[in-house]
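J.: would you be able to build a 3D model of this:
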Amino acid sequence: MHPFARWFVLGVVAWIVSGALIAIAVLGRDTRTSVYALLGAGILSVAVGLLLFVEAWIWSQRSWRAGFGGRSALIAVAGGIALLVAAGALGATIILVLTFGLG
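T.: Numbering: from 1, shown residues only. Next up is the predicted model:
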């Protein structure tokens, strides 16, 4: 398995865990638990998105230098999508903290 594909699979699994935290928050009746679950999901999604973006940058450059232009472009697109997911999660987490606070 390509090392970037390994990172990508790890990221998808982490996003599935993040989705489970969101489901716990939506289906739960306790407001405090819901806020903390959403905060955890947001932090996890931001961390994974940034990690995948950095790894995509590294592997895209390596693939380009090795002469694989198509693979390099696909890896760069995957990294861009990961960065967009991280930006959305960061925005949602900031809105969550500003709305409900943690105090």
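J.: from here on, just use CA atoms for contacts and neighbour counts.
T.: Fine.
J.: while we're on residue 34, how confident is the model there?
T.: Here, the pLDDT recorded for residue 34 equals 86.
J.: element containing it?
T.: Per DSSP states H and E: residue 34 is located in helix 31-65.
J.: the very next helix or strand once past that helix to helix 31-65, inter-axis angle?
T.: Under the assignment DSSP H and E, the closest C-terminal helix or strand after helix 31-65 is helix 69-100. Between helix 69-100 and helix 31-65, the angle comes out at 160 degrees (axes from the mean of the first three to the mean of the last three C-alpha atoms, to 10 degrees).
J.: buried sites along helix 69-100?
T.: Residues 72-73, 75-80, 82-90, 93, 96 are the ones in helix 69-100 that count as buried (16 or more other C-alpha atoms under 10 Å).
J.: next: stretch 38-45.
T.: 38-45.
J.: what of stretch 8-26?
T.: Buried, per 16+ other C-alpha under 10 Å, within stretch 8-26: 8, 11-12, 14-15, 18-19, 21-22, 25.
J.: now for the residues you listed: which two are most distant?
T.: 8 and 25 (25.5 Å; C-alpha to C-alpha).
J.: so what does the lowest-mean-pLDDT helix or strand in the chain touch, helix or strand wise?
T.: In the chain, the helix or strand scored least confidently by mean pLDDT, DSSP states H and E is helix 3-27, which has a mean of 89. Judged by 3 or more C-alpha pairs under 8 Å, 6 or more residues apart in numbering; DSSP states H and E, helix 3-27 is in contact with helix 31-65.
J.: quick one: the helix it packs on to helix 3-27, angle?
T.: 160 degrees.
J.: give the phi and psi angles for the residue lying farthest from the centre of the chain, as a check.
T.: Computed with C-alpha atoms, centre = their mean, the residue of the chain farthest from its C-alpha average is residue 67, at 28.6 Å. Taking degrees, to the nearest 10, you get phi 100, psi 10 for the backbone angles of residue 67.
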